[in-house]
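J.: What follows is a predicted protein model with its sequence.
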Amino acid sequence: MNQPPERDSSGRFVKPEVEPTLPGDETMHPLSRALFGWVGSPRTPMIILIAVLVTCIALILLDFGLDRHEKVDMANANGFYALWGFAAFGLAVLSGWPLGKLLRRDEDYYGEAETTPDDVERKS
């Protein structure tokens, strides 16, 4: 029997109550478990953070040992490329704010729409 979906008083569809289920070992494909099973561990975020910090510290220490021969004198400074990259990334991120103000439409751009379905009584 195909029962029509239920609607509330304003005509919106009502989802039936369903228990949320998380994928577990019984529902997960073995290859998925082998490749991505480590993501579910509660220690994963801390391990990734430590790996990033160790990589950053290693790169900073490596920067002090490099002998550069740049044409621009400023580029020979330790940490120049890190600061230059951070500034460029910051500029790219912060330029999204005025660009969004320029390109974004007003909230009432489309006007007030009538969204009540035809088979539901409209409230006056």
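T.: Arrived safely. Residues are numbered from 1 along each chain as shown.
J.: hey, which helix is longest across the protein?
T.: helix 44-65 (DSSP state H).
J.: need the next SSE after that helix, C-terminal direction.
T.: helix 80-94 (DSSP states H and E).
J.: and the next helix or strand along the chain from that following helix, average pLDDT?
T.: Toward the C-terminus, helix 80-94 is succeeded by helix 96-103 as the next helix or strand (DSSP H and E). The pLDDT scores in helix 96-103 average 90.
J.: which helices and strands does helix 96-103 pack with?
T.: In terms of contacts (3 or more C-beta pairs under 8 Å, 6 or more residues apart in numbering; DSSP states H and E), helix 96-103 is packed against no helix or strand at all. For the C-beta atoms, the positions are set from N, CA and C on the backbone; glycine is no exception.
J.: Can you get me the centre-to-centre distance for it and its chain?
T.: Centroid displacement of helix 96-103 relative to its chain, using C-alpha atoms, centre = their mean, to the nearest Å, is 19 Å.
J.: Compute the inter-axis angle for the longest helix of the chain and helix 80-94.
T.: Computed with axes from the mean of the first three to the mean of the last three C-alpha atoms, to 10 degrees, the direction of helix 44-65 lies at 130 degrees from that of helix 80-94.
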